[in-house]
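1. need a structure here:
(one chain, ligands or ions: 2)
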Amino acid sequence: MASKVYFIKAAVSDGEKVISDKAVKLFKAGKFAKCFAEKDFTAVKVHVGEDGNNTHIKAPCMKGLIKELLKLKTRPFLTDTNVLYPSPRHDAIGHYKVADKHGFNLETLGIPFIVAGGLVGTSEIAVEVNCEINKEVYIASDIVWCHSILAVAHFTGHLGTCAAAAIKTLGMGCASRRGKMKQHAALSLVIGDKCTLCGVCAKHCPADAITLGEIKAHIDQDKCIGCAECLAVCKFGGVEYDWHEEGEVLQKSIAEHALGALKGKQDKAAFFSFLMSITKDCDCFDTPNMPKIVDDIGILASTDPVAIDKAALDLIEAEGGKKLPQLTGYTKLNPHHQIEHAEQIGLGSTDYELIELD
Ligand code: SF4
Ligand code: SF4
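-> Ligands and ions are numbered 1, 2, ... in the order given. As a prediction, the model looks like this:
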């Protein structure tokens, strides 16, 4: 049977209150209350946006959804995990400060922001998945311990996976530091002939894996953790990578970590995906005012993370009149790898029924 994906048109220009109300409309239409029980510790998985990023989904847009959880007498908390690359969100203190600055706090939403995985992302639980790439995955302990999950994703492009949405929110976004490193270990980057020896990548590398030689920079593969930060910061195309070969492994590993994050909670999770301010790169970029790659579309909601990502991809490609790799410019990436692998390992179904609300 096809998974139900609920959809309502929405745009940033609607304003935060209207967007919040529309999300509640989806919550009620999809009867998502059934996923949550009184006294549940409910993880509201969000992305608070990098410091400086202003295209992430704003905290007040989630107000209505959180009120619904509070009405159900769950014990919800906002959460995310620390990132690998140099950023204020690299540790829980900096992450908390950025979350607070962007309104993901008690004052705005009535519930606290708690970094899953602890101060430096080492609080984790190994979860057995027995999949093609990973036999076990490492998930932030608070994600494993909570009883239910409301995962709120912002659909964007992504330099490693082409698409970042529900599956990536679960897989990368709920993984511990070790889990993230395991996923990124699929990447193998080298410095090519376009390197100008500017040194920016070496300054940003969290593993001190880059040294500057006579002609170009060099990556020590034994130290490299595959975070792709050098790729993100190099403005000269100096960092090279075989996306076609290795992007698939990364995406499969993300899907397998998503399975681990959801293990035992398949009936206790709801997914919301905001298809607004859809940018080429994800909310981890500190760049303000990143341009949209398509016009705002709306909000999706489902209990199936695979179905919601497939529906989002279809809507975006229909709106943009092109495939996502062309819309993002990441033409060597195929966003279907994560979706198809997620379906194969039993995370959900690509067969969906889109139910549009007025
Ligand atoms: S790879 Fe790029 S960022 Fe690194 S030194 Fe060369 S030009 Fe600079
Ligand atoms: S060299 Fe490796 S660890 Fe350093 S920034 Fe690049 S991908 Fe990350």
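
2. any low-confidence regions in the protein?
-> Along the chain, the parts satisfying pLDDT under 70 run over 242-246.

3. For it, what lies in contact range of ligand 1?
-> Taking C-beta under 6 Å from any ligand atom, the part of the chain that reaches ligand 1 is made up of 191, 195-201, 217, 233-234, 236, 238-239. For every residue, glycine as well, the C-beta is placed using N, CA and C.

4. Can I have the buried ones of those as a ChimeraX selection?
-> Applied in ChimeraX, the following selects the buried portion of the residues of the chain next to ligand 1 according to 16 or more other C-beta atoms under 10 Å:
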select :191,195,200,201,217,233,234,238,239
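
5. Among the residues of the chain next to ligand 1, name the ones in strands.
-> 191, 217, 239 (DSSP state E).

6. beta partners for the spatially closest residue to the second one that is not a sequence neighbour?
-> In other words, Ala217. Using C-beta to C-beta, 6 or more residues apart in numbering and skipping the chain neighbours, the partner closest in space to Ala217 is Ile191 (4.7 Å). Counting by DSSP bridges, Ile191 forms beta bridges with Val239.

7. Surely Ile191 and Lys216 touch.
-> Yes: because the distance of 5.1 Å satisfies C-beta atoms under 8 Å, Ile191 is recorded as touching Lys216.

8. Give me the common contacts of these two.
-> Each of Gly238 lies in contact with both Ile191 and Lys216 under the rule C-beta atoms under 8 Å, 6 or more residues apart in numbering.

9. Burial check on Thr42, number of neighbours?
-> Residues within reach of Thr42, counting by other C-beta atoms under 10 Å, total 27.

10. Now name the helix or strand holding it.
-> Assessed by DSSP states H and E, Thr42 sits inside strand 41-45.

11. Spit out the contact partners of the one residue in the stretch 51-200 of the chain that gets nearest to ligand 2.
-> Among residues of the stretch 51-200 of the chain, the one nearest ligand 2 by C-beta to the nearest ligand atom turns out to be Leu189. It sits 5.0 Å away. Leu189 sits next to 219, 224, 226, 228, 230-231, 239-241 when contact means C-beta under 8 Å, 6+ apart.

12. ok, now with 7 Å
-> Leu189 sits next to 219, 224, 228, 230-231, 239-241 when contact means C-beta atoms under 7 Å, 6 or more residues apart in numbering.

13. now for these, which pair is the farthest apart?
-> Cys224 and Glu240 (13.3 Å; C-beta to C-beta).

14. So which of those two has more stuff around it?
-> For Cys224 and Glu240, the more surrounded residue by other C-beta under 10 Å is Cys224, and the numbers stand at 22 against 16.

15. now the closest residue to that one other than its chain neighbours: how far from Ile254?
-> The spatially closest residue to Cys224, leaving aside those adjacent along the chain, is Ala209, at 4.3 Å (C-beta to C-beta, 6+ apart). From Ala209 over to Ile254 the distance is 22 Å, taken as C-beta to C-beta, to the nearest Å.

16. quick one, which of these two is more surrounded?
-> Ile254 (31 against 20).

17. got the contact list for the closest residue to the more buried one other than its chain neighbours?
-> Nearest residue to Ile254 in three dimensions, chain neighbours excluded: Gly171, at 3.6 Å (C-beta to C-beta, 6+ apart). In this structure, Gly171 makes contact with 254-255, 257-258, 261, judged by C-beta under 7 Å, 6+ apart.

18. Let me have these in CSV, adding distance to ligand 2 and secondary structure as columns.
-> Formatted as CSV, the contacts of Gly171 follow (distance: C-beta to the nearest ligand atom, whole Å; DSSP: H, G, I helix; E, B strand; the rest coil):
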residue, distance to ligand 2, secondary structure
Ile254, 16, helix
Ala255, 21, helix
His257, 18, helix
Ala258, 22, helix
Ala261, 23, helix
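
19. circling back to that earlier point, helices or strands next to the strand holding Thr42 in the packing?
-> Secondary structure elements in contact with strand 41-45, counted by 3 or more C-beta pairs under 7 Å, 6 or more residues apart in numbering; DSSP states H and E, are strand 75-80, helix 141-145, strand 148-154.
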